[in-house]
Each structure stands twice: as structure tokens, then as C-alpha cells.
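K.L.:
Show me the folded form of this:
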Amino acid sequence: MCIREESLRQKVDASLVTVRKVFDTARNPQLAEDVHHKYADKYLLAEYMTNGHCASLLTTLRLLGMTDEHIKTMKQWSSDRTVTLRFSSRHKCTFLEKKTREVDSGKKDVVTGTGLGAAFSMSKKTVTTVTEYFWKFECGYELSAYKGNEPQEKIVIKQRDGASTKVKTTTEKSPQVEARENPNIDVELTWLLQHVNAANGQVSFSINRSHKKCLTPLRNEDAEKAVSFTQHASLWSRRVAAQLQEFFGVVQDNTFDMGSLQTQGDAFLPFAPLLEEGRKGDAQLPQLKQRRVEATQTDTVVEYKKQHEGDVPAVLEGTDLEALLQEEERQIVERLETVAKAFPASGGEGLITQDEARLMILLSDALSKLNGYSECMDYLEVMLRKQLVAAIGKEITASDFAAYMQFHNRKMFKEEYAPKPLCLAVRRPNHYPEGTVSFLAKADDVTGENPTLMLTRKLEAGTVPQMKFALSAAAEVTLCGETQVHAYIGHRFSFEQPPPMTLAARSRQFSGYVLLLGRIGGADLFLPSHAMIVQNKDEFDIPLMLDEIPSAQEFRDAIESLSPEQQRFAKAYRSMQLESTLFAVCIVQIKPQLEKVLNLPYDSLTKEIQLTQRLLELFIEYHIPPDLVSFQCDSMEDPDEIPAAKKVEAVKAHVDAMFAMIKDSKQKELDEQKMQHEMDKASAPAPPVQRRIALSMHKDVMACEEVAFPVGVNDAVAVAPVQPNQPTSTTSSSDMSLPDGMVDVSEFPHALEKQFDAFSDAACIRPTIIKPADSWTKRYQPKLLSDVKTSNVGSDQQTKEKNRAFDLLDALTRSGVLTIEESSMHIVLGATHCFDETLVDTLVKKNVNPIEHVERSMLIVASTLFGQQPRDLVKDAVIDRVEKYSPMLFLK
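P.N.:
Residues are numbered from 1 along each chain as shown. The predicted structure is shown next:
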């Protein structure tokens, strides 16, 4: 229980003592949460408390001196002008006189002795001269009301001039400013007066449930204006009381009990949040029933009437409130009469009289009631929160909500359209996976990381342009493999961060693939920013950053007041941002492409583990052109008739020869270095002539060492000619029209934004840019028997990884001449549903069911992704429910 709730309970308990005295003994009103009631009763309770609060304030104003005629006049003003209550004060400090007096310390010192044969005694005492300065402190104040900006046309409610007291100081400095008009203290009464009935002076407040901004009994324009007025009135009361206290603090030798002017204990709240069961005989019961039906905020009032026809509203009626207000007024008047007897009568010259005592008591009581009303209204949300937690059994968190949405989506979507874990197996058909690529999200500390659920659409071959990306300025690679589009829809409450997402790449022993990360730049353009070779039990953990950009509604609001030139710039830049929400992951299988570049039959390297590893070493470490080790048949032979084993053996021979040559080259380099070392040692003391001879001999040796690449007897190294139409720069066909039936994946973000704009609360859905973080983690095993090592992959290491991967791709594609068949492109479209409040506050304060909002977002994304109507995506069992709460999605 929070401190504020405990304070309210104490006030309600104290008020209940008085309430039971006012009501019959058969009545049993209780704190609202202890009484069975309906949600609509909370609206009636908010109206009851506000009406009681306003009536209580009017009682205080009348006791301050405001007459019914004053209220009637101000009510007329409030019809078209504001009405302000003003407290103005002033004071003056005048020097009277200076007096000097002697003050006897009251202590006498006696000295005795003898002299000249006689005894004597002598006494002395201390006398202090005191200078005193006397001042006359005068003050005055006025309580008035005026309309609009015309303070000169005012109604004076209470005023006093000529109040004074005598002040004594010991210095010449004035105890107060000689003369000052204190700043006026104003509070606007317009809202209060607008709810006063001009005919009978009664208060009439109600909440407009049909208003689109009416969310809860507390979160609506009517209640918010009431609370706002209360806050301003509370501040006004506190400032006026502080000003009076400043005046009273000047009084010296004060014999008055100033503490008695403050409210003692918990003040009686006639508008406490009380409900009562079993009130079937109340006279106003039919009227309360009708008001509660109107308070349901349901589209089918008739249906509600049938369901709750026999229910009895639990809120107290108007006659109860009148009785409690009369008791409140009686208590205040009794206290005023009792305390006023201890102060001088009104009209005297003293600074503190019965008028000031009454004013302080009323201000203190009003401040207590104002704070109590704020606590009572806040209690409505406290009660809702407690009831919600009691219904669920715990205070749910964002991770609980994420777990529920997984359950919800399984129940809602048809199997073929349901979100699935994005865990990709890197494999050939009918082969064991080479590894996996997964998108992982950490739900909580207990369950750890799990694959992220995403909507997935596989684009059929021929329906999407073949993707291309640049290896260099002169080489472009074409990807001919499958393309899948995934949609990630996250959700975030308040300022909480969504669950961290990680891209995990794993490889098995003696297996490998190339992983490229980037974004889509057009209908057929892939822009890789990162690349790596994942092989031999490598494990890469790549944190993904989720950067939200403004929603469509937020963007429109932001550029509304910009110039046309500025708007065009912002729109152009946003177009690029939207395309950046397409995060692309490309997986290239190494073995199939090795077979292709080496002219080997399909599947011929599956079991050639050592050969595959040695080939990768040649391409990655030594940058050997693939033509030097590829199989080439004689022009008279039919390649299809040559056995696969013979082709593989030929490649092995080339590889052996290449490694033998590399070994020889390395040995020669070692010999050269050794010779250089010997020559450096020998040449150190040698004279200039001998040094020139040694250098000449070294040049001759180096000139003779020319290494030739070995070529087999019947092997011819044939370099594939560059195709004449091969592009030399990366371009995109996104600006060209695609044939009918072709899908432009780069248009998905724009299409999705239009759908969100049309069918959802566009201010809640923010496109999300997914990109790798700056620092990764890599786990690898250098040797079969060595321990697994972990290293941090920073920006420099990421560049090295990308260069190694591109070097391998350059070899596997002969610098872009060969297309890559065994590849898969996975495009992830990111969006985040953002809520302004926490999960519980979204339910309690906004009266929003986040399940329905996220559900609507999921259906909009799925409809755009699959090109299907929402009705065709969901199971038949939930169509009626979804259509009821998201009817806009089913409009034809």
C-alpha cells in the first residue's frame, strides 16, 4: 500500500465515523473497493465526489463572505468571460521612536576589608544601557472577484485596512520593507461557477461518456478539468495562508494559540469514495440506474439493459450527499465559533482578530478538502489497478504480455499465416544442415533467449527480381536463390526498451557458409554492410539495434508548419528511412558454389571434407584464382560422360600441386631471408667496394629466382571470358516498372505505412530500422582438440571478416561471372507498436486493451505482406470477435 493510499484510508475511516452518525443504523456505506459494484458505478462515484466537492467549496466561499447575490452575478459573468478570485495585500512599516533605558543586571558584588584600623565593605552592580527602536507595522488585505481582464469592476467579498501592531527592534534596520504591495494571488473560478445552477445555487456536474476523449472515470475532459481546478485552488489556498502567516509572524508577545487555526487530524470528507449495497428503496434509484446505463460506454445500450436490468447502483444518492454537506457545514461553523472566542473581536486595530482567525480556519479546512478530493479521484485508478491485479493474480509485465501475444496469435491466425520462429537451417535439399541462422529475443531471465516469432512469406521463383550486390566497383554478383520476406512487429510500453534481439549464426564441424547482412536498396538491389564466413563450429552473436523512426501521423504533424522546400526534403529523406526498415540477411552455401566454379557435378564435394577445407584455404588465405584448380576437359571429351570421381581426382591433383608450389615458395622465402641475414652480418664491417660486390651478387640471385605455376600434362588453364553484357556497377531496377506479377520488396514499407494510416492509430506504429550493433561476440575452436575461445569482434575485425568473405565470394563467382544458385535472401520488415504508458497504466489510465491494438497491427501487417484480406488470414472461430473490435479491417 502506497503512502497516498494509506493517507486516504485514514481520512475515509475518520469520515465514516461521522457518516454513520448522520445515516440510520441500518445503513452501511463502505470504501468503494469493499463493495460489489459495476464499472459504470465508478463513473457515478466520480460525479458524486465532484458534486460534493464543489458544494463543499461553495460552502467555504459563503462562509468567507460571498453572498448568494455575489454567486449569481459571477455565474452570469462565467457565461462568456472568466471569473477570477483575487487576494491582494499590502503592508507598511513606519519608524516611531528611539528609546534608551538602563537595565539592572540584578547581581550585586560585595567587597569587605580593613583599613586605617577600621573594617569596611563596598558593593557594586552592573547596569546595561539598552537602545530600542519602535516601529508601527500596518497591513491590509482584500478578497475580491472580477470578470475577464477588468479587475477594476470587482466584487469585494472581504477586506480589512488599518490593522497594526507595534514592533520593537534593537537595531536601526527596519524589520520589514517600509511599504509594499504584495503580488496578487489569483485563482480562476470559471469552471466551478459553470457547474452551479443559477436558479437554486446547486452544483450539477456530470461526465460526458460519449466524448471521444472519455477514457476512464478519471481520464476524461470533465474530470480532468475538475482535478486541474482543484490543484490551482489548492495552490491559491496555500499561498494566501502563507501570506497571512507572514503577517502574523510580525506580532511580538503573541498570546494567541495560532496552532488552533490549523485543521487538526483528518478532516471530514462528505464526498469520500463510499458505496453501499442493497439500496432498493431509494427514491432516486430509477434515475441512478439510467445514468449508469449511460455510463457503460457500450455501443449496444439495449444489450446492456438486458444484462443488468436487475442491478442496483451502489453509489450514494443526492439526499445522502445533502445530509453530509449539512453536517460538514455544522462542524465548520461550530469550530469557527469556538476558536473565534479566543481572539479579539472584529473591528479592532490589532493585527489578529476574529476575522483573521476565521479566514485562517477556512483556508486550512479548504486546503484539507482540496487535497482530499485529489486523493479520492486518484483512488479510482488505485482501485482499478488493485482489482485488475486481483483478477489476474499478479501485476503483469511487458514480458508477460509478449508471452501472451504468442499464445494469442496461435489461436487467431490460420496455420499457413501464423507467425513462426525465425530459425533458418542452412542446408541443401535432403541434406543435413551446415548450420543455423536465428533471430533470438530474450524474454526474461528464466526462459533466456528464444527464436523471434515473425510473419513469413516465401516469394515464388519468377515473382521477384533476382537480387544483385557489388563485390567491388567492377564486379557484381547475382543471387538466384529463394527470397523470403519476414515481418517483425514489436511492442513497447512507456519508455521501456523492447527485448534485446540477437542474430545468432552457428556452423557445424567441417561445414560452412557465407553470411551477409545489409539492407534492400531497390527492387533488385542488395546493399551488404557486413559479411562473414561461418565455418567449423564458429558461433557469431550479433546484437541487433532497433531504431524507431516517427510514425506517419507524427511525421505529418512535424512537417505541417514547414516550408514547401523543407517538406520536400523531409519527405525524400523519410522515403530512404522507410526503405532502411528492410533488413536483409543473405546466406550463401559454399559447397554448391565450389562445385559450380570447379566444374564438378552436383553433390560431389559433400564427403570430400579435406579437399573442401584445402580449397577454402587456397581461396581465402592465398587468393588463388579458381581457374588454377578447376576441372577442365579436353575439347574432344563430353563433360557429362566423365565420371564424377575422375573430375574430383583432377581437382585434387591441382590442389596438391598448388600446395606443393606454395610450400616451395615458402621455403625459398625462408632461404632468402636466411641469406639476407647472413649477408647483412657479413656486410656490416666490409669496406664500400666489397659491400657493392655483395649487393650485386644478391641482385643476381634474386633475378634468377622466377617461380612458374605448375601445369599438368593434359591440363589447360582456361580462364572464362568476361561476358560482353556483364554489368560493371551495381544498379537497381527499382526506378523501372516491373512486369505484371512481379513483387517489388522495396515497396513493402510504403504500402504498410499507407495501410496503417488508413486502418489503425497511425501515431502508435513506428517503422523500425534493424541494424547490427558495433560490437559482436565470436566463439570458435582453433583446433579439434583445443578449447573453445571467445573474442570480441569490433569494427576493425568486422572489416577483416567482410574482406575474407568477399574474397571467397569473388573466387566462387569468378568475380561475378557466375551466379549464385544455392542462396537464400531473407528480408525482415520492422515495425514497433508503441504505447505511451506502462502495460498496467495502458489498461487503467487509457482504458485501452493492448491485445486488440497489437492484434490489429498484426492483421494489417499480415494483410499487406501476404496480399490477403484479414478475413482470409484468421480462423473462422475468431472472425466475429475480431470484426467486432476491429470493424475497419473488414470494410469492403
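K.L.:
and residue 496, what is it in contact with?
P.N.:
By CB atoms under 8 Å, 6 or more residues apart in numbering, the contact list for residue 496 reads 398, 838. Heads up, the C-betas are built off the backbone N, CA and C, glycines and all.
K.L.:
Quick check, residue 145 in contact with residue 86.
P.N.:
Yes - with contact defined as CB atoms under 8 Å, residue 145 counts as touching residue 86 (7.1 Å).
K.L.:
who's more crowded, the two?
P.N.:
A direct count of neighbours by other CB atoms under 10 Å for residue 145 and residue 86 places residue 145 higher, at 22 against 17.
K.L.:
okay, the residue nearest to that one when sequence neighbours are not counted: pLDDT?
P.N.:
Of all residues not flanking residue 145 in the chain, residue 155 sits nearest, at 4.8 Å (CB to CB, 6 or more residues apart in numbering). Looking at residue 155, its pLDDT stands at 94.
K.L.:
State the distance from residue 155 to residue 65.
P.N.:
Distance from residue 155 to residue 65, counting by CB to CB, to the nearest Å: 10 Å.
K.L.:
before we move on, the earlier item: give the residues shared as contacts by residue 145 and residue 86.
P.N.:
Contact criterion CB under 8 Å, 6+ apart; residues shared by residue 145 and residue 86: residue 154.
K.L.:
Common neighbours of residue 155 and residue 65, please.
P.N.:
Joint contacts of residue 155 and residue 65 (CB under 8 Å, 6+ apart) do not exist.
K.L.:
out of these two, which sits in the busier spot?
P.N.:
Neighbours of residue 155 and residue 65, each counted by other CB under 10 Å, are more numerous for residue 155; the result is 19 against 16.
K.L.:
Can you check my assumption that that one lies in a strand?
P.N.:
Yes - membership of residue 155 in a strand is supported by DSSP: H, G, I helix; E, B strand; the rest coil.
K.L.:
Mind listing what's buried along stretch 234-250?
P.N.:
Going by neighbour count (16 or more other CB atoms under 10 Å), the buried part of stretch 234-250 is 234, 236, 237, 238, 239, 240, 241, 243, 244, 247, 248, 250.
K.L.:
ok, for the first one, nearest residue in space, not its chain neighbours?
P.N.:
Spatially, and ignoring its direct neighbours in sequence, residue 234 is nearest to residue 370 (4.1 Å; CB to CB, 6+ apart).
K.L.:
again with the fifth one
P.N.:
Counting by CB to CB, 6+ apart, residue 185 is the residue found nearest to residue 239 once chain neighbours are left out, at 4.9 Å.
K.L.:
Give the helix, strand or coil label for residue 85.
P.N.:
strand.
K.L.:
mind listing what it touches?
P.N.:
By CB under 8 Å, 6+ apart, the residues touching residue 85 are 143, 144, 145, 186, 187, 188, 189, 236.
K.L.:
any idea of the pLDDT on the fifth one?
P.N.:
With respect to pLDDT, residue 187 scores 96.
K.L.:
SS state for it?
P.N.:
Secondary structure state of residue 187, per three-state DSSP, is strand.
K.L.:
what sits up against the host helix or strand of residue 456?
P.N.:
Secondary structure assigned from DSSP states H and E places residue 456 in strand 453-459. For strand 453-459, contacts defined as CB under 8 Å, 6+ apart pick out 406, 409, 417, 419-422, 439, 482-489, 743, 745, 828, 858, 861-862, 865-866.
K.L.:
Now, of those, which are buried?
P.N.:
Neighbour-count burial (16+ other CB under 10 Å) is assigned, among the contacts of strand 453-459, to 409, 417, 419, 422, 439, 483-489, 743, 745, 828, 858, 861-862, 865-866.
K.L.:
So which of those residues belong to strands?
P.N.:
Among those, the members falling in strands (DSSP state E) are 439, 483, 484, 485, 486, 487, 488, 489, 828.
K.L.:
Tell me the spacing between the fifth one and residue 59.
P.N.:
Remark: distance between residue 486 and residue 59 (CB to CB) = 66 Å.
K.L.:
repeat for the fourth one
P.N.:
Note on residue 485: its distance to residue 59, by CB to CB, is 68 Å.
K.L.:
Please apply the same query to the second one.
P.N.:
Applying CB to CB, one obtains 75 Å for the distance of residue 483 from residue 59.
K.L.:
where does the protein have low pLDDT?
P.N.:
For the chain, residues meeting the criterion pLDDT under 70 lie at 1-3, 105-123, 252-266, 278-313, 444-447, 635-636, 684-737, 760-763, 892.
K.L.:
If we use 50, what do you get?
P.N.:
280-285, 288-289, 292-293, 295-310, 689-730, 733-734 (pLDDT under 50).
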